[in-house]
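Asks: sequence? don't have it. structure:
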Ligand SMILES: NC(=O)c1ccc[n+]([C@@H]2O[C@H](COP(=O)([O-])OP(=O)(O)OC[C@H]3O[C@@H](n4cnc5c(N)ncnc54)[C@H](O)[C@@H]3O)[C@@H](O)[C@H]2O)c1
Ligand SMILES: O=C(O)C[C@H](O)C(=O)O
């Protein structure tokens, strides 16, 4: 018997990430090749004409799994009964900006959308925030949504998967190993240059990646800055922020969350439960495994002095961002 369709809300549907994302969701790459979806597309009033154009193209693909779609500029309509919400719509940064420079402007979007999700989404909704600064925007949406008592704080996540994928590719290049052979990588903390991509536990076909790399200077001087500043390098090269790779990471994040990671570690920005000394509630990149629609933090990893310094540095930035938005949450 055919499965019931899943309602997927996507914000910023007329934007560049939206254009890379929607067709892949509708073709079954996110929720499975046997899972019909209904797309609930949100964008600003002035973008509705462009959203209609995207919907015409979706229609022209004749995707067998696309069971319906709506476009709206009303968050209460977009999130109604949504089981998956991809919060992409927000202003992107330009050259010379840091993601946290977007906070004042973008934060308000997530207060409104958090309230709409809290009131209208399915109680077990899974939310991924892509719009920057994504950790703190996810924090805002979570804090507001849970006030309505229907949805669960643990289901609000921020996107660290692009950083995870970037780190995998850099390590594959350095070691000459295939990306698919690399296991047990983690990116701790904030989606910002302070993030800490940590390959101390990474293996490739049973070999330890730190031994294959065997170059501590490369870790500090090349790997960490390359992964941390990759978003800015793309803006510099393209004149626009990453889009297809961001959409790809969003697909990876939700697919693994819903369908399971088969025991493999993936990085998700999730509300801390206090693990590794990270204060509860902060949306922080952790190594997780996923099964049956739930994630579990990988426990028991040794944190050496260098790692603790890096983890604290990225945490401090998140604490500062949280302080910067506390008035919005009062
Ligand atoms: N977390 C990550 O790894 C990651 C990666 C890439 C981009 N991003 C972020 O994703 C966001 C979107 O990037 P983009 O390149 O698609 O931008 P874009 O400017 O191409 O598109 C943004 C879309 O969002 C819409 N929008 C703005 N405010 C909205 C609101 N209140 N409700 C609904 N829609 C709204 C705009 O009308 C536009 O259609 C940016 O904040 C960018 O920095 C995050
Ligand atoms: O860097 C940006 O502003 C966009 C995005 O967060 C990225 O990492 O590519």
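Replies: Right, received. Where do you want to start? The structure presented is a predicted model; accordingly, all values stated were derived computationally and were not measured. Ligands and ions are numbered 1, 2, ... in the order given.

Asks: only C-alpha atoms from now on, for both contacts and neighbour counts.
Replies: Fine.

Asks: how about the helix or strand containing residue 8 against ligand 1, any contact?
Replies: According to DSSP states H and E, residue 8 maps onto strand 6-11. Yes: taking Cα under 6 Å from any ligand atom as the criterion, strand 6-11 and ligand 1 are in contact, through residue 11.

Asks: from residue 245, how far off is residue 18?
Replies: Between residue 18 and residue 245 the distance is 12 Å, computed by Cα to Cα, to the nearest Å.

Asks: and the helices in the stretch 151-300 of the chain?
Replies: 161-175, 209-213, 216-218, 224-228, 230-238, 244-259 (DSSP state H, counting those that start in this stretch).

Asks: distance between the shortest one and the chain's centre?
Replies: Per Cα atoms, centre = their mean, to the nearest Å, the displacement of helix 216-218 from the mean C-alpha position of its chain is 28 Å.

Asks: phi, psi of residue 61?
Replies: The phi/psi pair for residue 61 (degrees, to the nearest 10) reads phi -80, psi -20.

Asks: for stretch 260-270, the distance to its chain's centre please.
Replies: So, by Cα atoms, centre = their mean, the centroid of stretch 260-270 is 12 Å from its chain's centroid.

Asks: rewinding a little: can you tell me the strand partners of the strand holding residue 8 and which way each runs?
Replies: Applying DSSP bridges, strand 6-11 is found paired with strand 37-42 (parallel), strand 84-87 (parallel).

Asks: outside of the longest strand along the chain, which residues touch it?
Replies: Looking across the chain with DSSP state E, the single longest strand is strand 283-291. Contacting residues not belonging to strand 283-291 are listed as 135-136, 138-139, 157-158, 160, 185-191, 256-272, 278, 295-298, 315 [Cα atoms under 8 Å, 6 or more residues apart in numbering].

Asks: quick check: angle from it to helix 244-259?
Replies: Taking axes from the mean of the first three to the mean of the last three Cα atoms, to 10 degrees, one finds strand 283-291 and helix 244-259 inclined to each other by 50 degrees.

Asks: list the buried residues for strand 283-291?
Replies: Under the neighbour-count criterion of 16 or more other Cα atoms under 10 Å, strand 283-291 has 283-290 buried.

Asks: flag every residue of this protein that's near ligand 1.
Replies: Within the chain, the residues that sit near ligand 1 (Cα under 6 Å from any ligand atom) are 11-18, 42-44, 47, 88-93, 109, 130-132, 134, 159, 162, 241-243, 246.

Asks: can you list the domains in this structure?
Replies: Domains of the chain are assigned by the TED database as 4-156, 158-322.

Asks: just these: most buried one?
Replies: For those, the stretch with the most neighbours on average is domain 4-156, a mean of 21; neighbours defined as mean count of other Cα atoms under 10 Å.

Asks: mind checking pLDDT for the residue of the stretch 201-330 of the chain found nearest ligand 2?
Replies: Here the residue of the stretch 201-330 of the chain nearest ligand 2 is residue 231; by Cα to the nearest ligand atom that distance is 3.3 Å. On the pLDDT scale, residue 231 is placed at 97.

Asks: OK, contacts around it?
Replies: Contacts of residue 231 were listed using Cα under 8 Å, 6+ apart, and they are 241-242.

Asks: and if you look at residue 71?
Replies: By Cα under 8 Å, 6+ apart, the contact list for residue 71 reads 40-43, 48, 51-52, 78.

Asks: helix/strand/coil for it?
Replies: strand (DSSP: H, G, I helix; E, B strand; the rest coil).

Asks: could you shift the numbering so residue one becomes 436, and keep it that way?
Replies: Got it, the first residue is 436 from now on, which makes the last one we talked about residue 506.

Asks: if I look at it, how far off is residue 628?
Replies: From residue 506 to residue 628 the distance is 35 Å (Cα to Cα).

Asks: ok, residue 735 next?
Replies: In terms of Cα to Cα, residue 735 sits 26 Å off from residue 628.

Asks: cool, residue 530 as well?
Replies: Distance from residue 530 to residue 628, by Cα to Cα: 15 Å.

Asks: next: residue 439.
Replies: From residue 439 to residue 628 the distance is 41 Å (Cα to Cα).

Asks: and residue 548, by the same measure?
Replies: Per Cα to Cα, residue 548 is found 27 Å from residue 628.

Asks: cool, thanks, signing off.
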